[in-house]
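Asker: quick one, fold the following:
(2 chains)
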Protein chains: 2
Amino acid sequence: MKPLILVTNDDGVYSPGLRILYEAVRDLGKVVIVVPETPKSATGLGLTLHKPLRIMKMKVFGFEAYLVSGTPSDIIHIALSELLERKPDIVLSGINLGDNTSIQVILSSGTVGAAIQAVLLGIPAIAFSVAVSEPDELVENSKLKSIMVKISKFITKYVLENGIPQGVELLNVNFPSKVKDDIRVKVVPAAKLRFKERVLKRVDPQGKPYYWVYGEPLSAEPNTDVYVVLEEGNIAITPLKLDLNTILSNEEFKYFEPLVNELNKMLTG
Amino acid sequence: MKPLILVTNDDGVYSPGLRILYEAVRDLGKVVIVVPETPKSATGLGLTLHKPLRIMKMKVFGFEAYLVSGTPSDIIHIALSELLERKPDIVLSGINLGDNTSIQVILSSGTVGAAIQAVLLGIPAIAFSVAVSEPDELVENSKLKSIMVKISKFITKYVLENGIPQGVELLNVNFPSKVKDDIRVKVVPAAKLRFKERVLKRVDPQGKPYYWVYGEPLSAEPNTDVYVVLEEGNIAITPLKLDLNTILSNEEFKYFEPLVNELNKMLTG
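Answerer: The predicted structure is shown next:
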(Lines give C-alpha, C1' and ligand atoms only; values in the text may rest on other atoms or scores of the structure.)
Protein backbone atom coordinates (compact mmCIF):
# COMPACT_ATOMS: atom_id res chain seq x y z
CA MET A 1 0.00 0.00 0.00
CA LYS A 2 1.26 3.46 -0.92
CA PRO A 3 2.05 5.63 2.12
CA LEU A 4 -0.62 8.22 2.92
CA ILE A 5 1.03 11.59 3.55
CA LEU A 6 -0.79 14.55 5.07
CA VAL A 7 0.87 17.85 4.23
CA THR A 8 -0.09 21.07 5.97
CA ASN A 9 1.32 24.59 6.16
CA ASP A 10 0.35 27.32 8.58
CA ASP A 11 1.06 30.05 6.02
CA GLY A 12 -1.81 28.82 3.85
CA VAL A 13 -2.23 27.51 0.33
CA TYR A 14 -0.18 30.14 -1.51
CA SER A 15 2.96 29.60 0.53
CA PRO A 16 5.99 28.81 -1.64
CA GLY A 17 7.09 26.59 1.25
CA LEU A 18 4.03 24.40 0.73
CA ARG A 19 4.85 24.04 -2.97
CA ILE A 20 8.41 22.99 -2.20
CA LEU A 21 7.27 20.42 0.36
CA TYR A 22 4.68 19.05 -2.05
CA GLU A 23 7.28 18.79 -4.80
CA ALA A 24 9.62 17.02 -2.38
CA VAL A 25 7.22 14.29 -1.32
CA ARG A 26 4.68 13.89 -4.17
CA ASP A 27 6.39 10.71 -5.40
CA LEU A 28 6.64 9.09 -1.97
CA GLY A 29 2.95 8.18 -1.66
CA LYS A 30 -0.54 9.58 -1.83
CA VAL A 31 -0.28 13.20 -0.72
CA VAL A 32 -3.28 15.06 0.73
CA ILE A 33 -2.87 18.78 1.35
CA VAL A 34 -4.96 20.48 4.03
CA VAL A 35 -4.14 24.04 5.06
CA PRO A 36 -5.73 26.90 6.99
CA GLU A 37 -7.80 29.27 4.85
CA THR A 38 -5.84 32.26 6.19
CA PRO A 39 -2.24 32.31 7.45
CA LYS A 40 -2.02 31.12 11.07
CA SER A 41 1.53 31.82 12.13
CA ALA A 42 2.25 31.85 15.85
CA THR A 43 -1.03 30.18 16.79
CA GLY A 44 0.76 27.41 18.63
CA LEU A 45 -1.51 24.49 19.46
CA GLY A 46 -4.67 26.59 19.53
CA LEU A 47 -7.90 24.76 18.74
CA THR A 48 -11.12 26.38 17.51
CA LEU A 49 -13.74 25.20 19.99
CA HIS A 50 -16.07 28.21 20.02
CA LYS A 51 -17.12 28.38 16.40
CA PRO A 52 -17.73 25.85 13.65
CA LEU A 53 -15.31 25.34 10.78
CA ARG A 54 -15.78 25.26 7.01
CA ILE A 55 -13.88 23.18 4.47
CA MET A 56 -13.25 24.32 0.89
CA LYS A 57 -11.46 22.55 -1.93
CA MET A 58 -9.37 24.30 -4.55
CA LYS A 59 -6.85 23.57 -7.30
CA VAL A 60 -3.75 25.69 -7.24
CA PHE A 61 -0.22 25.33 -8.67
CA GLY A 62 -1.06 21.90 -10.09
CA PHE A 63 -2.25 20.36 -6.85
CA GLU A 64 -5.54 20.06 -5.05
CA ALA A 65 -5.80 21.43 -1.54
CA TYR A 66 -8.40 21.52 1.19
CA LEU A 67 -8.74 24.85 2.97
CA VAL A 68 -10.09 24.85 6.52
CA SER A 69 -11.24 27.99 8.36
CA GLY A 70 -9.29 27.06 11.49
CA THR A 71 -5.89 26.65 13.08
CA PRO A 72 -3.12 24.19 12.13
CA SER A 73 -4.20 22.02 15.07
CA ASP A 74 -7.85 22.02 13.95
CA ILE A 75 -6.66 20.87 10.56
CA ILE A 76 -5.14 17.67 11.84
CA HIS A 77 -8.45 16.70 13.45
CA ILE A 78 -10.60 17.78 10.48
CA ALA A 79 -8.30 15.95 8.06
CA LEU A 80 -8.37 12.72 10.06
CA SER A 81 -12.09 12.80 10.63
CA GLU A 82 -13.40 14.12 7.32
CA LEU A 83 -10.81 14.15 4.55
CA LEU A 84 -8.58 11.07 4.78
CA GLU A 85 -9.68 7.50 4.15
CA ARG A 86 -7.40 6.27 6.95
CA LYS A 87 -4.85 7.44 9.52
CA PRO A 88 -1.94 8.92 7.53
CA ASP A 89 1.48 7.30 7.73
CA ILE A 90 3.11 10.64 8.33
CA VAL A 91 2.18 14.29 8.83
CA LEU A 92 4.48 16.90 7.29
CA SER A 93 4.08 20.51 8.34
CA GLY A 94 5.74 23.32 6.43
CA ILE A 95 7.95 24.39 4.91
CA ASN A 96 7.43 27.43 7.11
CA LEU A 97 8.86 30.75 5.94
CA GLY A 98 10.78 31.76 9.02
CA ASP A 99 12.77 29.37 11.20
CA ASN A 100 11.17 27.53 14.10
CA THR A 101 14.22 27.21 16.29
CA SER A 102 14.35 27.29 20.14
CA ILE A 103 11.83 26.02 22.69
CA GLN A 104 10.39 29.53 22.87
CA VAL A 105 9.53 29.63 19.17
CA ILE A 106 8.65 25.94 18.89
CA LEU A 107 5.98 26.23 21.59
CA SER A 108 4.23 29.10 19.84
CA SER A 109 4.71 27.85 16.29
CA GLY A 110 1.68 26.88 14.24
CA THR A 111 3.93 24.72 12.04
CA VAL A 112 5.27 22.70 14.95
CA GLY A 113 1.82 22.87 16.60
CA ALA A 114 0.27 20.91 13.74
CA ALA A 115 3.07 18.33 14.01
CA ILE A 116 2.56 18.07 17.79
CA GLN A 117 -1.17 17.45 17.32
CA ALA A 118 -0.31 14.61 14.95
CA VAL A 119 2.15 13.12 17.45
CA LEU A 120 -0.49 13.24 20.21
CA LEU A 121 -2.65 11.10 17.92
CA GLY A 122 0.18 8.63 17.42
CA ILE A 123 1.18 9.72 13.89
CA PRO A 124 4.88 10.32 13.08
CA ALA A 125 5.40 13.95 12.18
CA ILE A 126 8.07 16.26 10.85
CA ALA A 127 8.02 20.06 10.97
CA PHE A 128 10.07 21.87 8.29
CA SER A 129 11.02 25.55 8.33
CA VAL A 130 13.45 27.82 6.53
CA ALA A 131 15.10 30.91 8.01
CA VAL A 132 14.05 33.41 5.34
CA SER A 133 12.23 36.59 6.29
CA GLU A 134 10.68 37.31 2.87
CA PRO A 135 9.10 34.80 0.44
CA ASP A 136 11.31 36.11 -2.38
CA GLU A 137 14.47 35.10 -0.52
CA LEU A 138 13.23 31.58 -1.13
CA VAL A 139 11.45 31.98 -4.48
CA GLU A 140 14.49 33.52 -6.15
CA ASN A 141 17.04 31.13 -4.68
CA SER A 142 16.87 28.00 -6.82
CA LYS A 143 19.88 26.44 -5.11
CA LEU A 144 18.17 26.70 -1.73
CA LYS A 145 14.91 25.38 -3.16
CA SER A 146 16.59 22.40 -4.75
CA ILE A 147 18.44 21.50 -1.56
CA MET A 148 15.25 21.83 0.48
CA VAL A 149 13.45 19.49 -1.93
CA LYS A 150 16.22 16.89 -1.80
CA ILE A 151 16.73 16.99 1.96
CA SER A 152 13.01 17.07 2.86
CA LYS A 153 12.37 14.17 0.53
CA PHE A 154 15.14 12.05 1.98
CA ILE A 155 14.21 12.71 5.60
CA THR A 156 10.55 11.91 4.88
CA LYS A 157 11.50 8.72 3.07
CA TYR A 158 13.79 7.71 5.92
CA VAL A 159 11.05 8.23 8.52
CA LEU A 160 8.47 6.40 6.38
CA GLU A 161 10.86 3.44 6.14
CA ASN A 162 12.31 3.44 9.66
CA GLY A 163 9.70 5.18 11.81
CA ILE A 164 10.77 7.55 14.57
CA PRO A 165 12.84 5.97 17.36
CA GLN A 166 11.32 5.49 20.80
CA GLY A 167 12.13 8.40 23.07
CA VAL A 168 11.81 10.81 20.16
CA GLU A 169 8.34 11.92 19.16
CA LEU A 170 8.88 14.55 16.53
CA LEU A 171 11.56 15.84 14.16
CA ASN A 172 11.95 19.58 13.76
CA VAL A 173 13.97 20.48 10.66
CA ASN A 174 15.27 23.99 9.99
CA PHE A 175 17.00 25.19 6.83
CA PRO A 176 19.23 28.29 6.71
CA SER A 177 18.36 31.25 4.46
CA LYS A 178 21.32 30.73 2.12
CA VAL A 179 23.29 27.75 0.84
CA LYS A 180 26.99 28.03 1.64
CA ASP A 181 29.48 25.79 -0.18
CA ASP A 182 30.18 23.46 2.71
CA ILE A 183 26.60 23.27 4.07
CA ARG A 184 25.96 20.29 6.36
CA VAL A 185 23.13 18.60 8.26
CA LYS A 186 23.51 18.39 12.03
CA VAL A 187 21.40 16.73 14.73
CA VAL A 188 21.21 19.26 17.58
CA PRO A 189 18.96 20.13 20.53
CA ALA A 190 16.75 23.22 20.59
CA ALA A 191 18.07 26.33 22.32
CA LYS A 192 15.83 27.69 25.05
CA LEU A 193 15.39 31.23 23.73
CA ARG A 194 15.58 32.83 20.32
CA PHE A 195 14.14 36.28 20.98
CA LYS A 196 13.88 38.88 23.60
CA GLU A 197 10.32 40.09 23.18
CA ARG A 198 9.87 43.80 22.96
CA VAL A 199 6.87 46.08 22.72
CA LEU A 200 6.82 49.13 20.49
CA LYS A 201 4.41 51.89 21.46
CA ARG A 202 2.93 54.12 18.76
CA VAL A 203 0.18 56.72 18.65
CA ASP A 204 -2.71 56.58 16.16
CA PRO A 205 -4.11 59.64 14.27
CA GLN A 206 -6.68 60.06 17.08
CA GLY A 207 -3.84 60.39 19.57
CA LYS A 208 -4.46 57.00 21.21
CA PRO A 209 -1.61 54.58 21.86
CA TYR A 210 -1.28 51.15 20.29
CA TYR A 211 1.38 48.51 20.75
CA TRP A 212 3.33 46.09 18.57
CA VAL A 213 4.75 42.93 20.12
CA TYR A 214 7.92 41.84 18.33
CA GLY A 215 11.02 39.80 18.97
CA GLU A 216 14.63 40.97 18.99
CA PRO A 217 17.05 38.13 18.15
CA LEU A 218 19.27 36.85 20.97
CA SER A 219 22.72 35.38 20.43
CA ALA A 220 22.73 31.60 20.58
CA GLU A 221 24.84 28.96 22.31
CA PRO A 222 26.88 26.68 20.01
CA ASN A 223 25.45 23.24 19.33
CA THR A 224 21.83 24.39 19.37
CA ASP A 225 19.33 24.69 16.54
CA VAL A 226 19.47 28.50 16.63
CA TYR A 227 23.27 28.49 16.33
CA VAL A 228 23.53 25.81 13.65
CA VAL A 229 20.90 27.40 11.39
CA LEU A 230 21.41 31.13 11.96
CA GLU A 231 25.10 31.43 12.86
CA GLU A 232 26.66 28.53 10.96
CA GLY A 233 24.23 28.44 8.03
CA ASN A 234 23.80 24.66 8.32
CA ILE A 235 20.67 22.50 8.38
CA ALA A 236 19.44 21.38 11.83
CA ILE A 237 17.44 18.27 12.66
CA THR A 238 16.15 18.54 16.22
CA PRO A 239 14.59 15.46 17.84
CA LEU A 240 11.87 16.52 20.27
CA LYS A 241 9.62 14.82 22.77
CA LEU A 242 6.45 16.26 24.25
CA ASP A 243 6.84 15.12 27.84
CA LEU A 244 6.85 18.26 29.99
CA ASN A 245 6.91 16.22 33.20
CA THR A 246 9.96 16.53 35.36
CA ILE A 247 11.25 13.59 37.38
CA LEU A 248 11.66 15.00 40.86
CA SER A 249 15.11 14.70 42.39
CA ASN A 250 15.50 14.14 46.13
CA GLU A 251 15.99 17.84 46.61
CA GLU A 252 12.93 18.73 44.59
CA PHE A 253 10.93 16.16 46.50
CA LYS A 254 11.99 17.89 49.72
CA TYR A 255 10.60 21.13 48.32
CA PHE A 256 7.16 19.68 47.72
CA GLU A 257 6.84 17.58 50.89
CA PRO A 258 6.30 20.42 53.39
CA LEU A 259 4.07 22.26 50.91
CA VAL A 260 1.77 19.28 50.46
CA ASN A 261 1.80 18.50 54.20
CA GLU A 262 0.74 22.03 55.04
CA LEU A 263 -1.95 22.09 52.38
CA ASN A 264 -3.37 18.78 53.56
CA LYS A 265 -3.37 20.02 57.16
CA MET A 266 -5.43 23.00 55.97
CA LEU A 267 -7.88 20.68 54.23
CA THR A 268 -8.39 18.38 57.22
CA GLY A 269 -8.25 21.12 59.84
CA MET B 1 9.74 45.52 49.30
CA LYS B 2 6.25 44.08 48.76
CA PRO B 3 6.14 41.29 46.19
CA LEU B 4 4.84 42.36 42.78
CA ILE B 5 2.26 39.85 41.55
CA LEU B 6 0.98 39.78 37.99
CA VAL B 7 -2.40 38.06 37.71
CA THR B 8 -3.89 37.10 34.37
CA ASN B 9 -6.80 34.99 33.19
CA ASP B 10 -7.50 33.80 29.67
CA ASP B 11 -11.28 33.91 30.21
CA GLY B 12 -11.16 37.70 30.59
CA VAL B 13 -12.07 40.23 33.23
CA TYR B 14 -15.51 38.88 34.16
CA SER B 15 -14.29 35.39 34.96
CA PRO B 16 -15.28 34.29 38.49
CA GLY B 17 -11.98 32.40 38.51
CA LEU B 18 -10.11 35.71 38.22
CA ARG B 19 -12.04 37.12 41.19
CA ILE B 20 -11.19 34.08 43.30
CA LEU B 21 -7.51 34.28 42.42
CA TYR B 22 -7.45 38.01 43.18
CA GLU B 23 -9.15 37.43 46.51
CA ALA B 24 -6.63 34.69 47.29
CA VAL B 25 -3.51 36.76 46.69
CA ARG B 26 -4.50 40.41 47.23
CA ASP B 27 -2.84 40.47 50.67
CA LEU B 28 0.42 38.86 49.52
CA GLY B 29 1.79 41.91 47.72
CA LYS B 30 1.00 44.47 45.06
CA VAL B 31 -1.32 42.77 42.60
CA VAL B 32 -1.63 43.97 38.99
CA ILE B 33 -4.35 42.38 36.87
CA VAL B 34 -3.90 42.22 33.10
CA VAL B 35 -6.30 40.13 31.04
CA PRO B 36 -7.30 39.66 27.40
CA GLU B 37 -10.17 41.88 26.28
CA THR B 38 -12.08 38.86 24.97
CA PRO B 39 -11.85 35.26 26.22
CA LYS B 40 -8.85 33.45 24.73
CA SER B 41 -9.27 29.85 25.73
CA ALA B 42 -7.24 27.28 23.80
CA THR B 43 -4.93 29.85 22.22
CA GLY B 44 -1.86 28.10 23.58
CA LEU B 45 1.26 30.22 23.32
CA GLY B 46 0.01 32.22 20.36
CA LEU B 47 1.45 35.73 19.98
CA THR B 48 -0.16 38.58 18.02
CA LEU B 49 2.57 39.66 15.60
CA HIS B 50 0.43 40.77 12.66
CA LYS B 51 -1.64 43.51 14.23
CA PRO B 52 -1.11 46.10 16.93
CA LEU B 53 -2.66 45.80 20.38
CA ARG B 54 -4.69 48.20 22.51
CA ILE B 55 -4.71 48.54 26.29
CA MET B 56 -7.77 49.64 28.27
CA LYS B 57 -8.19 50.13 31.98
CA MET B 58 -11.36 49.39 33.88
CA LYS B 59 -12.67 49.00 37.42
CA VAL B 60 -14.74 45.93 38.05
CA PHE B 61 -15.72 43.93 41.15
CA GLY B 62 -13.66 46.21 43.36
CA PHE B 63 -10.40 45.85 41.51
CA GLU B 64 -8.71 47.63 38.65
CA ALA B 65 -7.77 45.64 35.59
CA TYR B 66 -5.94 46.27 32.35
CA LEU B 67 -7.58 44.76 29.28
CA VAL B 68 -5.37 43.97 26.29
CA SER B 69 -6.70 43.14 22.82
CA GLY B 70 -4.40 40.14 22.48
CA THR B 71 -3.58 36.63 23.65
CA PRO B 72 -2.49 35.50 27.13
CA SER B 73 1.09 35.36 25.84
CA ASP B 74 0.90 38.91 24.45
CA ILE B 75 -0.28 40.03 27.86
CA ILE B 76 2.87 38.93 29.62
CA HIS B 77 4.99 41.00 27.24
CA ILE B 78 2.70 44.04 27.29
CA ALA B 79 2.50 43.93 31.09
CA LEU B 80 6.26 43.73 31.50
CA SER B 81 7.01 46.41 28.98
CA GLU B 82 4.19 48.91 29.59
CA LEU B 83 2.26 48.26 32.79
CA LEU B 84 4.61 47.10 35.55
CA GLU B 85 7.27 49.22 37.20
CA ARG B 86 9.60 46.20 37.43
CA LYS B 87 9.79 42.49 36.65
CA PRO B 88 7.08 40.80 38.77
CA ASP B 89 8.07 38.32 41.48
CA ILE B 90 5.51 35.86 40.26
CA VAL B 91 2.96 35.43 37.48
CA LEU B 92 -0.33 33.74 38.37
CA SER B 93 -2.60 32.60 35.57
CA GLY B 94 -6.18 31.57 36.23
CA ILE B 95 -8.21 30.34 37.86
CA ASN B 96 -9.34 28.82 34.58
CA LEU B 97 -12.87 27.46 34.37
CA GLY B 98 -12.16 24.01 33.01
CA ASP B 99 -9.23 21.84 34.06
CA ASN B 100 -5.89 22.06 32.31
CA THR B 101 -4.75 18.50 32.85
CA SER B 102 -2.64 16.33 30.48
CA ILE B 103 0.18 17.35 28.14
CA GLN B 104 -2.38 17.53 25.33
CA VAL B 105 -4.46 20.16 27.09
CA ILE B 106 -1.53 21.95 28.73
CA LEU B 107 0.11 22.60 25.35
CA SER B 108 -3.00 24.24 23.91
CA SER B 109 -4.06 26.05 27.07
CA GLY B 110 -4.07 29.83 27.14
CA THR B 111 -3.87 29.72 30.94
CA VAL B 112 -0.74 27.59 30.97
CA GLY B 113 0.51 29.46 27.87
CA ALA B 114 0.67 32.72 29.81
CA ALA B 115 2.55 30.96 32.62
CA ILE B 116 4.98 29.42 30.10
CA GLN B 117 5.70 32.85 28.60
CA ALA B 118 6.53 34.12 32.07
CA VAL B 119 8.86 31.17 32.71
CA LEU B 120 10.67 31.81 29.41
CA LEU B 121 11.35 35.32 30.74
CA GLY B 122 12.71 33.91 33.99
CA ILE B 123 9.68 34.70 36.16
CA PRO B 124 8.27 31.98 38.47
CA ALA B 125 4.74 31.13 37.40
CA ILE B 126 1.77 29.11 38.54
CA ALA B 127 -1.22 28.13 36.42
CA PHE B 128 -4.49 27.45 38.30
CA SER B 129 -7.56 25.73 36.86
CA VAL B 130 -10.75 24.15 38.18
CA ALA B 131 -12.59 21.27 36.55
CA VAL B 132 -16.03 22.90 36.29
CA SER B 133 -17.82 23.08 32.98
CA GLU B 134 -20.17 25.98 33.83
CA PRO B 135 -19.33 29.17 35.78
CA ASP B 136 -22.29 28.56 38.11
CA GLU B 137 -20.80 25.26 39.29
CA LEU B 138 -18.14 27.47 40.84
CA VAL B 139 -20.16 30.59 41.68
CA GLU B 140 -22.76 28.61 43.65
CA ASN B 141 -20.29 26.38 45.48
CA SER B 142 -18.98 28.43 48.38
CA LYS B 143 -17.11 25.48 49.86
CA LEU B 144 -15.15 25.00 46.63
CA LYS B 145 -14.48 28.74 46.35
CA SER B 146 -13.20 28.97 49.89
CA ILE B 147 -10.88 26.00 49.44
CA MET B 148 -9.58 27.42 46.16
CA VAL B 149 -8.84 30.74 47.88
CA LYS B 150 -6.99 29.07 50.77
CA ILE B 151 -4.99 26.64 48.65
CA SER B 152 -4.09 29.16 45.92
CA LYS B 153 -2.98 31.63 48.56
CA PHE B 154 -0.79 29.15 50.37
CA ILE B 155 0.86 27.80 47.21
CA THR B 156 1.57 31.35 45.98
CA LYS B 157 2.99 32.34 49.35
CA TYR B 158 5.17 29.22 49.43
CA VAL B 159 6.58 29.92 45.95
CA LEU B 160 7.15 33.62 46.79
CA GLU B 161 9.13 32.54 49.86
CA ASN B 162 10.95 29.50 48.49
CA GLY B 163 11.11 30.03 44.75
CA ILE B 164 10.62 27.12 42.37
CA PRO B 165 13.24 24.34 42.63
CA GLN B 166 15.80 23.86 39.86
CA GLY B 167 14.62 21.27 37.37
CA VAL B 168 11.05 22.47 37.76
CA GLU B 169 10.02 25.53 35.79
CA LEU B 170 6.31 25.85 36.36
CA LEU B 171 3.58 24.62 38.69
CA ASN B 172 0.26 23.59 37.19
CA VAL B 173 -2.50 23.38 39.80
CA ASN B 174 -5.89 21.81 39.09
CA PHE B 175 -8.89 21.78 41.42
CA PRO B 176 -11.76 19.27 41.13
CA SER B 177 -15.34 20.44 40.47
CA LYS B 178 -16.61 19.41 43.91
CA VAL B 179 -15.18 19.24 47.41
CA LYS B 180 -15.41 15.76 48.87
CA ASP B 181 -14.96 15.26 52.62
CA ASP B 182 -11.50 13.75 52.44
CA ILE B 183 -10.14 15.97 49.66
CA ARG B 184 -6.31 16.02 49.46
CA VAL B 185 -3.51 17.71 47.54
CA LYS B 186 -1.22 15.44 45.51
CA VAL B 187 1.93 16.14 43.50
CA VAL B 188 1.53 14.15 40.27
CA PRO B 189 2.80 14.18 36.68
CA ALA B 190 0.62 15.17 33.75
CA ALA B 191 -1.08 12.42 31.78
CA LYS B 192 -0.32 12.42 28.06
CA LEU B 193 -3.88 12.61 26.74
CA ARG B 194 -7.16 13.86 28.14
CA PHE B 195 -9.39 13.81 25.08
CA LYS B 196 -9.96 11.98 21.91
CA GLU B 197 -10.74 14.80 19.49
CA ARG B 198 -13.80 14.34 17.41
CA VAL B 199 -15.39 16.33 14.62
CA LEU B 200 -19.15 16.78 14.37
CA LYS B 201 -20.51 17.53 10.90
CA ARG B 202 -23.68 19.60 10.56
CA VAL B 203 -25.50 21.23 7.66
CA ASP B 204 -26.46 24.93 7.62
CA PRO B 205 -29.83 26.29 6.34
CA GLN B 206 -28.22 26.75 2.90
CA GLY B 207 -27.41 23.05 2.82
CA LYS B 208 -23.66 23.55 3.26
CA PRO B 209 -21.70 21.50 5.77
CA TYR B 210 -19.88 22.94 8.76
CA TYR B 211 -17.81 21.20 11.42
CA TRP B 212 -17.34 21.39 15.19
CA VAL B 213 -14.08 20.21 16.70
CA TYR B 214 -14.63 18.88 20.22
CA GLY B 215 -13.00 16.52 22.67
CA GLU B 216 -14.38 13.28 24.09
CA PRO B 217 -12.87 12.49 27.52
CA LEU B 218 -10.51 9.52 27.72
CA SER B 219 -10.07 7.39 30.81
CA ALA B 220 -6.92 8.24 32.73
CA GLU B 221 -4.08 6.28 34.25
CA PRO B 222 -3.80 6.42 38.07
CA ASN B 223 -1.21 8.78 39.50
CA THR B 224 -1.69 11.41 36.78
CA ASP B 225 -3.23 14.87 36.97
CA VAL B 226 -6.28 13.75 34.97
CA TYR B 227 -6.92 10.84 37.33
CA VAL B 228 -6.32 12.72 40.58
CA VAL B 229 -8.57 15.65 39.64
CA LEU B 230 -11.32 14.02 37.59
CA GLU B 231 -11.51 10.48 38.99
CA GLU B 232 -10.46 10.95 42.59
CA GLY B 233 -11.75 14.50 43.09
CA ASN B 234 -8.47 15.62 44.67
CA ILE B 235 -6.28 18.66 43.98
CA ALA B 236 -3.25 18.10 41.71
CA ILE B 237 -0.01 20.05 41.70
CA THR B 238 1.98 19.14 38.60
CA PRO B 239 5.60 20.31 38.33
CA LEU B 240 6.47 20.95 34.70
CA LYS B 241 9.57 21.85 32.74
CA LEU B 242 9.66 23.26 29.25
CA ASP B 243 12.60 21.33 27.84
CA LEU B 244 11.30 19.39 24.84
CA ASN B 245 14.78 18.14 23.97
CA THR B 246 15.40 14.45 24.20
CA ILE B 247 18.78 13.05 25.21
CA LEU B 248 19.58 10.51 22.53
CA SER B 249 20.27 6.96 23.70
CA ASN B 250 22.82 4.81 21.86
CA GLU B 251 20.03 3.23 19.88
CA GLU B 252 18.54 6.58 18.93
CA PHE B 253 21.97 7.82 17.96
CA LYS B 254 22.28 4.82 15.62
CA TYR B 255 19.03 5.90 13.99
CA PHE B 256 20.30 9.36 13.18
CA GLU B 257 23.85 8.45 12.13
CA PRO B 258 23.06 6.87 8.74
CA LEU B 259 20.43 9.54 8.05
CA VAL B 260 22.88 12.38 8.61
CA ASN B 261 25.64 10.59 6.70
CA GLU B 262 23.39 10.09 3.68
CA LEU B 263 22.17 13.69 3.79
CA ASN B 264 25.70 15.03 3.99
CA LYS B 265 26.74 12.81 1.09
CA MET B 266 23.93 14.38 -0.94
CA LEU B 267 25.12 17.87 -0.01
CA THR B 268 28.76 17.27 -0.95
CA GLY B 269 28.02 15.10 -4.02
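
Asker: compute the number of surrounding residues for the closest residue to A:L18 other than its chain neighbours.
Answerer: Leaving aside its sequence neighbours, A:L18 sits nearest to A:N9 (Cβ to Cβ, 6 or more residues apart in numbering or on different chains; 4.0 Å). For glycine as for every other residue, the C-beta is placed from the backbone atoms N, C-alpha and C. Using other Cβ atoms under 10 Å in any protein chain shown, A:N9 has 34 other residues around it.

Asker: quick one, helices of chain A?
Answerer: A:16-25, A:72-78, A:103-108, A:110-120, A:135-139, A:142-162, A:225-226, A:250-268 (DSSP state H).

Asker: mind putting those helices into TSV with mean pLDDT and mean neighbour count?
Answerer: Below are those laid out as TSV (pLDDT from 0 to 100; neighbours: other Cβ atoms under 10 Å in any protein chain shown):
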stretch	mean pLDDT	mean neighbour count
helix A:16-25	96	23
helix A:72-78	89	29
helix A:103-108	90	26
helix A:110-120	91	29
helix A:135-139	92	16
helix A:142-162	97	17
helix A:225-226	98	30
helix A:250-268	93	14
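
Asker: and those helices as TSV, adding distance to B:D181?
Answerer: What follows is the helices of chain A, written out as TSV (distance: least, Cβ to Cβ, whole Å):
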stretch	distance to B:D181
helix A:16-25	57
helix A:72-78	39
helix A:103-108	39
helix A:110-120	36
helix A:135-139	62
helix A:142-162	52
helix A:225-226	51
helix A:250-268	10
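
Asker: nearest to A:V199, out of these?
Answerer: helix A:103-108 (16.1 Å; Cβ to Cβ).

Asker: center of chain A - which residue?
Answerer: A:V112 (2.0 Å; Cα atoms, centre = their mean).

Asker: re earlier: so which of the helices of chain A is nearest B:E37?
Answerer: That would be helix A:103-108 among the helices of chain A, by Cβ to Cβ, at 19.8 Å.

Asker: other residues contacting the closest one?
Answerer: By Cβ atoms under 8 Å, 6 or more residues apart in numbering or on different chains, the residues outside helix A:103-108 that reach it are A:42, A:44, A:99-100, A:112, A:172, A:190-195, A:240, B:44-47, B:73, B:107, B:116, B:120, B:242-245.

Asker: any idea how far that helix is from the chain center?
Answerer: From the chain centre to the centre of helix A:103-108 is a distance of 9 Å (Cα atoms, centre = their mean, to the nearest Å).

Asker: against B:V168, how distant is A:F253?
Answerer: For A:F253, the distance to B:V168 (Cβ to Cβ, to the nearest Å) stands at 11 Å.

Asker: for A:V91, same thing?
Answerer: In this view, A:V91 and B:V168 are 31 Å apart by Cβ to Cβ.

Asker: what about those two, which has more around it?
Answerer: More crowded of A:V91 and B:V168, by other Cβ under 10 Å: A:V91, with 28 against 20.

Asker: return the residues in contact with A:E37.
Answerer: A:E37 makes contact with A:12, A:54, A:56, A:67-70 under the criterion Cβ under 8 Å, 6+ apart.

Asker: please repeat the previous calculation with a cut-off of 7 Å.
Answerer: For A:E37, the contacting residues are A:56, A:67-69, by Cβ atoms under 7 Å, 6 or more residues apart in numbering or on different chains.

Asker: is A:L160 in contact with A:L4, as I believe?
Answerer: No: counting by Cβ atoms under 7 Å, A:L160 stays clear of A:L4, with 10.2 Å between them.

Asker: what residues are shared contacts of the two?
Answerer: A:D89.

Asker: A:G94 - nearest residue in space that isn't next to it in sequence?
Answerer: A:F128 (3.4 Å).

Asker: report how many residues lie close to the one you found.
Answerer: Counted with other Cβ under 10 Å, the neighbours of A:F128 add up to 28.

Asker: please pick the buried ones from the contacts of A:E37.
Answerer: Buried members of the contacts of A:E37, scored by 16 or more other Cβ atoms under 10 Å in any protein chain shown, are A:67-69.

Asker: give me the number of residues near A:I123?
Answerer: Neighbours of A:I123 under the rule other Cβ under 10 Å: 17.

Asker: beta partners of the nearest residue to A:F195 once chain neighbours are set aside?
Answerer: Excluding its sequence neighbours, the residue lying closest to A:F195 (Cβ to Cβ, 6+ apart) is A:G215, at 3.0 Å. A:G215 has these beta-bridge partners by DSSP bridges: A:E197.

Asker: ok, A:G215 - contacts?
Answerer: Neighbouring residues of A:G215 by Cβ under 7 Å, 6+ apart: A:195-197.

Asker: which pLDDT value goes with it?
Answerer: pLDDT for A:G215: 85.

Asker: ok, now how distant is it from B:Q206?
Answerer: Counting by Cβ to Cβ, the gap from A:G215 to B:Q206 is 43 Å.

Asker: can you pull up the bridge partners for A:V203?
Answerer: Beta-bridge partners, per DSSP bridges, of A:V203: A:P209.

Asker: neighbours of it, how many?
Answerer: A:V203 has 9 neighbours, counted by other Cβ under 10 Å.
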